[in-house]
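1. got a predicted model here, sequence first, then my questions.
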Amino acid sequence: MSGPKVSDYLVDRLLEIGVERIYAVVGDSLNPLTDAVRRSDGKLGWVHVRHEEAGAFAAGAEAQITGTLAVCAGSAGPGNLHLINGLYDAHGSGAPVLAIASHVSTTEIGTEFHQETHPERLFQECSHWCELVSTADQLPRALHIAVQTAIARSGVSVLVLPEDVVAATLPDDGWRSHVAVARPVIRPAAAELAAFAHLIDASTKPVLFCGAGAGEAREMVLELAARINAPIGYSFRGKDHFQAGNDFDAGMSGLLGFGAAYQAMHETDLLVLLGTDFPYRDFLPEGVKVVQVDTRGERLGRRVPLELGLIGDVAETVRALLPLVAAKQDATFLERQRKHHERQVEKLQVYVDHVAKQHPVHPEYVADMLDRLAPDDAIFTLDTGMTTVWGARYLHGSGERRILGSFKHGSMANALPQAIGAQYAQPDRQVISMSGDGGLTMLLGDLLTLAQEELPVKVLVFNNGVLGMVRLEMQVAGLPDFQTELKNVDFAALARACGIRGIRIERRDEVEAGIREMLATEGPVLCDVATDPEALSLPPRVKLTQIRGFAKAAVKKSLNGHIDEVWEQAKSNVRNLPRP
Ligand SMILES: Cc1ncc(C[n+]2csc(CCOP(=O)(O)OP(=O)(O)O)c2C)c(N)n1
């Protein structure tokens, strides 16, 4: 008895598991799989991207939005090699992604054959599981393990499929195991919870700092903050969950941070890290007691020495902790941080109101306008570069909004392809790619994907004509600016040539109408805004400091320099700047 073709089995199993599409570029060894997808009569989709890296970014974004497995694929050699940067990003973001890497036939492996690489070696570092499937009857279990590992460990699995294997037939119907997707409930032991409660009870000014891993625990965390009068700071990936409707909001920490988070974390006597692997040690305090809670034990204590580390879900841990901690009466510390936070946020707004009147158009003004006009359930994708700064500071979480970026891997060109994946995941929500001009042009081909796949993504390009973030780094390090200029085209005209609506904004009085038009456009649209390359440039003097990571600290200072200046000039006559 013989079973189905490997390619048909693959399609069938992916559908059973709930996969809806594969992001890929067709080609040679991948063709049997592509044909099986074609024969599925639209049940399994094939998203024809222009660059496999875009496919991997898109799959990573889809997985981050849905929380379930997404799939990308690349043909032998260069085809799957192109996936690598997007896979690093997905893996770093904890996105469950299966990458199917086609390979030369088993008979040719090791002969330096045309297009031969060794994907099972190449993708080791950006995956939890990465194996070569050498025979057809190995495939069913290998696929199961790949999928189960990607889901269970929240990251990438790579299935390396030689051309002859994918074209072969299975000896029988194949392995069909249930794939477990449910999240286990992990709660620390009673003694650890008691120790945690004891530390909180002994603290007079505790601070909670939350990452994406605390998102689902939001209500529990707010309850804890209320019980112990603790300000809540967050990482960029925690902002989505903790900025809106949070009376304990202390803002975001890190290079791009704002508000009181940094100050609160440095004035506290007990820092509680919840579901965050925040890596920037320059922004973490020294000599303070720290407790960390994470489901992944390997993360505990690797950034800052811990008084106590607990392996557990944030929600379950906090739920079990709450009855053990005494309510705090004194809210002096919380109130001080709240006031500081309010003033810092007001400063950002004063700054925007100041630059809104200036020419060339300031990117902060554009980001602020987008924040005001975009829907409450919008999904934003932010390119690595200054765009991340504008997004961090001027986009507001609403509870429903999502902000994706390449926050861990830090790759350029992520925003457009992530928007593609996010739009597939959520066809009815508005997906807005905030693209740098360097970022957009790095994977420019996939602008055509919006037209070809009829995806209503809104692309807002911050066209400052430079690789702005790097130019800032050079300035801060005292290096002459070199090779950061971009000789750009009119991206709106380029979009129109691609069959996409193009809007061009050159003056500040065009910003609101242009963004409104972009958001009201039904199909794909690109809005090209000529922005000031000098935005938030260096303050007059950057003082040398002795602190660790001088360049980073100086970049942060430069990001804030003009804001502080404007605030000093304006604070006497600005108060009460209500948000619409
Ligand atoms: C793939 C990749 N290449 C290079 C870098 C280094 N890098 C970080 S930000 C940046 C400049 C981004 O420029 P642009 O997209 O124009 O945005 P801007 O900072 O001007 O807003 C560069 C080159 C990177 N992070 N990723």
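-> All right, it came through fine. Residues are numbered from 1 along each chain as shown.
2. average pLDDT for the helix or strand hosting Ala63, rounded please.
-> Following DSSP states H and E, one finds Ala63 within helix 52-66. In this model, helix 52-66 carries a mean pLDDT of 98.
3. does it come close to the ligand?
-> No: using CB under 6 Å from any ligand atom, helix 52-66 stays clear of the ligand, coming no nearer than 9.3 Å. C-beta coordinates here come from the backbone N, C-alpha and C atoms, glycine included.
4. so what does that helix touch, helix or strand wise?
-> strand 21-24, strand 70-74, helix 84-92, strand 97-103, strand 402-405, helix 415-425 (3 or more CB pairs under 8 Å, 6 or more residues apart in numbering; DSSP states H and E).
5. for the ones you listed, which one sits closest to the ligand?
-> helix 84-92 (6.6 Å; CB to the nearest ligand atom).
6. which other helices and strands contact that closest one?
-> Using 3+ CB pairs under 8 Å, 6+ apart: helix 84-92 touches helix 52-66, strand 97-103, strand 156-162.
7. quick one: contacts of that helix?
-> Applying CB atoms under 8 Å, 6 or more residues apart in numbering, the contact partners of helix 84-92 are 52-60, 63, 72, 97, 99, 122-123, 125-128, 155-156, 158, 406, 408-409, 411, 414, 417.
8. check stretch 360-371 too.
-> With contacts defined as CB under 8 Å, 6+ apart, stretch 360-371 is touched by 349, 351-352, 355-356, 386-387, 390-391, 393-396, 432, 434, 460, 462, 464, 505-508, 511-512, 515, 529-532, 535-536.
9. out of these, which are buried?
-> Neighbour counting with 16 or more other CB atoms under 10 Å marks 351-352, 355-356, 386-387, 390-391, 393-396, 432, 434, 460, 462, 464, 505-506, 508, 511-512, 515, 529-532, 535-536 as buried within the contacts of stretch 360-371.
10. among those residues, which ones are in helices?
-> Of the buried ones among the contacts of stretch 360-371, the ones assigned to helices by DSSP state H are 351-352, 355, 386-387, 390-391, 393-394, 511-512, 515.
11. of those residues, which is the nearest to Arg402?
-> Gly391 (11.7 Å; CB to CB).
12. the closest one touches Met434, doesn't it?
-> Yes: assessed by CB atoms under 8 Å, Gly391 is found in contact with Met434 at 5.8 Å.
13. list residues touching both of the two?
-> 367, 380, 382.
14. okay, those in CSV with neighbour count and secondary structure next?
-> Formatted as CSV, the shared contacts of Gly391 and Met434 follow (neighbours: other CB atoms under 10 Å; DSSP: H, G, I helix; E, B strand; the rest coil):
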residue, neighbour count, secondary structure
Ala367, 25, helix
Phe380, 28, strand
Leu382, 28, strand
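15. got the residues of this protein near the ligand?
-> 383-387, 410-412, 436-439, 462, 464, 466-470.
16. list buried members of these by neighbour count.
-> Buried, going by 16+ other CB under 10 Å: 383-387, 411-412, 436-439, 462, 464, 466-470, out of these.
17. for the residue of the stretch 451-580 of the chain found nearest the ligand, give me its contacts.
-> Here the stretch 451-580 of the chain gets closest to the ligand at one residue, Gly468, 2.7 Å apart by CB to the nearest ligand atom. Residues counted as contacts of Gly468 (CB under 8 Å, 6+ apart) are 385-386, 436, 484, 533, 535.
18. if you set the cut-off to 7 Å instead, what comes out?
-> If you count contacts by CB atoms under 7 Å, 6 or more residues apart in numbering, Gly468 has them with 385-386, 533.
19. same check on Thr387?
-> 434-436, 462.
20. tell me which of those residues fall in strands.
-> Judged by DSSP state E, strands contain the following of the contacts of Thr387: 434-436, 462.
21. CA atoms only for stretch 483-498, dumped as PDB, please.
-> Taking C-alpha atoms only, stretch 483-498 is exported to PDB below (Å, rounded to 0.1, in the frame of the first residue of the first chain):
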ATOM      1  CA  GLN A 483      27.600  57.800   3.300                       C
ATOM      2  CA  THR A 484      24.300  58.400   5.000                       C
ATOM      3  CA  GLU A 485      22.700  60.400   2.200                       C
ATOM      4  CA  LEU A 486      19.900  58.900   0.100                       C
ATOM      5  CA  LYS A 487      19.300  60.100  -3.400                       C
ATOM      6  CA  ASN A 488      15.500  59.400  -3.400                       C
ATOM      7  CA  VAL A 489      12.800  59.500  -5.900                       C
ATOM      8  CA  ASP A 490       9.300  60.800  -5.500                       C
ATOM      9  CA  PHE A 491       7.900  57.700  -3.800                       C
ATOM     10  CA  ALA A 492       4.300  58.800  -4.400                       C
ATOM     11  CA  ALA A 493       5.000  58.800  -8.200                       C
ATOM     12  CA  LEU A 494       6.800  55.500  -7.800                       C
ATOM     13  CA  ALA A 495       3.700  54.000  -6.000                       C
ATOM     14  CA  ARG A 496       1.400  55.200  -8.800                       C
ATOM     15  CA  ALA A 497       3.700  53.500 -11.300                       C
ATOM     16  CA  CYS A 498       3.200  50.300  -9.200                       C
END
